[in-house]
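> need coordinates for the following:
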Amino acid sequence: MAYCKNCGSVIEDNAAVCSCCGTAQTTTPTVVDNGGFGWGLLGCCIPLVGLILFLVWKDTKPKTAKAAGIGALVSVIVAVIFYILSFVIGMAGYYVAY
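Residues are numbered from 1 along each chain as shown. As a prediction, the model looks like this:
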């Protein structure tokens, strides 16, 4: 049993138009957008996937897209810091040896 979104009268569950007032009954599917930790973790482990998910979901699932995007961003920042530290430690070892 469903109710009209305009006048509130009882209508059929799959009715496209209310029989009392004639208002079209549109049904929009509910999108679950909880911004789960798992999507952020996936974005952190595989930054390219996090970036793609961010770009695909930014309009329909903004919280989940943000989690995946932040995960990808954190992964890239950690990788850059790791490479800089590796370079600095490698150069320090080079100069100590000579």
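> need the contact list for the nearest residue to Asp13 once chain neighbours are set aside.
The shortest distance from Asp13 to any non-neighbouring residue, by C-beta to C-beta, 6 or more residues apart in numbering, is to Ala2 (5.0 Å). For glycine as for every other residue, the C-beta is placed from the backbone atoms N, C-alpha and C. For Ala2, the contacting residues are 10-13, 15, 25, by C-beta atoms under 8 Å, 6 or more residues apart in numbering.
> out of those, which end up buried?
For these, a burial check counting by 16 or more other C-beta atoms under 10 Å picks out 11, 25.
> in stretch 3-10, what's buried?
Counting neighbours by 16+ other C-beta under 10 Å, stretch 3-10 gives Cys4 as buried.
> cool, and stretch 60-68?
Using 16+ other C-beta under 10 Å, the residues of stretch 60-68 that count as buried are 61, 64-68.
> now do the same for the most centrally placed residue in the chain: its pLDDT.
By C-alpha atoms, centre = their mean, the chain has its centre lying nearest to Ala65, at 1.9 Å. With respect to pLDDT, Ala65 scores 92.
> packing partners of the longest helix belonging to the chain?
Taking DSSP state H as the assignment, the helix of the chain that covers the most residues is helix 62-97. Where contact means 3 or more C-beta pairs under 8 Å, 6 or more residues apart in numbering; DSSP states H and E, helix 62-97 is packed against helix 37-45, helix 47-57.
> please state the offset of it from the chain centre?
Distance, stretch centre to chain centre, for helix 62-97: 23 Å (C-alpha atoms, centre = their mean, to the nearest Å).
> please identify the buried residues of stretch 24-35?
Per 16+ other C-beta under 10 Å, stretch 24-35 contains these buried residues: Gln25.
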